[in-house]
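Enquirer: give the three-dimensional model of this entry:
(one chain, ligands or ions: 1)
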Amino acid sequence: MKKTLQLAAIAMLMYSVISCTDSSLKTPQQNTENALSQARENADKLRCASMEVLEENLKEDPKLKDKMREVEEFTERFIKNKKKGRVAIDQELIIPVQVNILYRTNAENITLEQVQSQIDVLNEDFSGTNTDLVAYNGTFKTLAANYKIKFVLQLPIIRKATTKSSWGTRDAMKNAKKGGINPSNPTNTLNMWVCTIGGGILGYAQFPGGNINTDGVVMDSKYFGRIGTATAPYHKGRTATHEVGHWLNLRHIWGDATCGSDQVDDTPTHNIANYGCPALDNHRSTCTNTPIEMTQNYMDYTDDACMFMFTNGQRMRSRAIFDAGGARATFNP
Ligand SMILES: [Zn+2]
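Expert: Have a look, this model is predicted:
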């Protein structure tokens with residue numbers, strides 16, 4: 001991540017140099033528009049830092065690679081058995097959620113109502129009852145999943161005043177010794193830290209198989225929930241849906257490579273991440289067989305208003321980790 005931040009800093013520096021050089025040739029309005037689109041592009045590129053954080057964790061913990069390979073092998077076996085009818089995934093799972101808020105300003109100390117609005121989004125999105133999916137009747141409708149997972153907010157929310165203006169992506173917010181808040185009952189509770197991350201990053205998650213003391217999801221308070229400080233175009237709570245997707249072992253739909261694999265059978269191969277709000281079911285990938293890309297999938301990078309579904313294949317992959325012997329089996333006693 002450090003490298004990414006350095007690159008981002010260099011890019012911003014270069015951009016400011018270039019924009020200073022260019023400004024004499026452009027109208028003030030053009031400069032404002034360019035600055036806005038550049039800011040958006042920078043933010044989009046760093047939308048989610050989960051893969052960068054994973055890379056850092058893999059470097060620091062030599063055993064993590066093996067653990068994650070075990071999770072992957074376990075998942076493959078689970079899916080094979082599911083196809084043979086040997087495991088059931090229809091029982092509803094209850095996931096307690098502890099929200100930990102670190103704030104420097106009053107605005108960062110978001111309200112209980114804003115937190116609850118995020119929990120509501122998670123429950124709608126993971127059950128497929130979100131209104132945008134209900135209204136959709138296109139190409140991928142039959143693949144849309146009901147995860148049968150219920151997220152339950154634990155009260156009280158834990159709140160802590162700090163002097164830090166940004167927390168970065170090295171998990172300091174998860175550690176009381178570093179000024180953060182230790183996770184509560186991480187073996188059976190999804191911990192979410194809400195703080196200012198910085199660097200244009202909206203959120204990041206830890207994948208199954210990682211260190212239990214840092215397990216959970218980190219969200220910037222400006223992109224949490226759908227009321228209060230939630231800021232467009234990431235103001236509908238979908239960043240947390242995306243990050244909880246990673247926590248549930250989902251990869252980005254483009255597989256973090258050109259025409260890469262997300263290890264899911266029923267999602268189309270994407271060239272790369274999609275941004276903004278593409279026309280639905282209308283964009284063909286140039287990968288093998290040129291499938292129509294599922295830009296409305298939560299594991300893409302489209303705007304909050306334009307992502308609205310998980311697939312049954314993604315659900316199967318996620319449910320594997322809760323099966324007996326799975327990486328998050330302690331959530332399912
Ligand atoms: Zn992501």
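
Enquirer: what residues does the chain put near the ion?
Expert: The chain has residues 48, 50 near the ion, with proximity defined as Cβ under 5 Å from the ion. Bear in mind the C-beta positions are built from the backbone N, C-alpha and C, glycine included.

Enquirer: which regions of the chain lie under the pLDDT threshold?
Expert: Counting by pLDDT under 70, the chain contains low-confidence residues at 1-45.

Enquirer: tell me where it has helices.
Expert: Remark: helices assigned in the chain by DSSP state H are 2-22, 28-45, 50-60, 64-83, 112-127, 131-135, 238-247, 312-320.

Enquirer: residues contacting the nearest residue to residue 236 once chain neighbours are set aside?
Expert: Spatial nearest neighbour of residue 236, chain neighbours left out: residue 304 (3.7 Å); criterion: Cβ to Cβ, 6 or more residues apart in numbering. Shown in contact with residue 304 (Cβ atoms under 8 Å, 6 or more residues apart in numbering): 232-239.

Enquirer: find the centremost residue of the chain, please.
Expert: The centroid of the chain falls nearest to residue 243 when counting by Cα atoms, centre = their mean (2.1 Å).

Enquirer: can you give me the strands for the stretch 201-333 of the chain?
Expert: Secondary structure of the stretch 201-333 of the chain (DSSP state E, counting those that start in this stretch): strands at 203-205, 217-220.

Enquirer: a markdown table for those, including mean neighbour count?
Expert: What follows is the strands of the stretch 201-333 of the chain, written out as a markdown table (neighbours: other Cβ atoms under 10 Å):
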| stretch | mean neighbour count |
| --- | --- |
| strand 203-205 | 26 |
| strand 217-220 | 26 |
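
Enquirer: between the ones you listed, which one is nearest to residue 159?
Expert: Counting by Cβ to Cβ, residue 159 lies closest to strand 217-220 out of the strands of the stretch 201-333 of the chain; the figure is 14.7 Å.

Enquirer: coming back round to it: now the strands of the stretch 201-333 of the chain as TSV including distance to residue 87?
Expert: TSV is the format used below for those (distance: least, Cβ to Cβ, whole Å):
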stretch	distance to residue 87
strand 203-205	25
strand 217-220	26
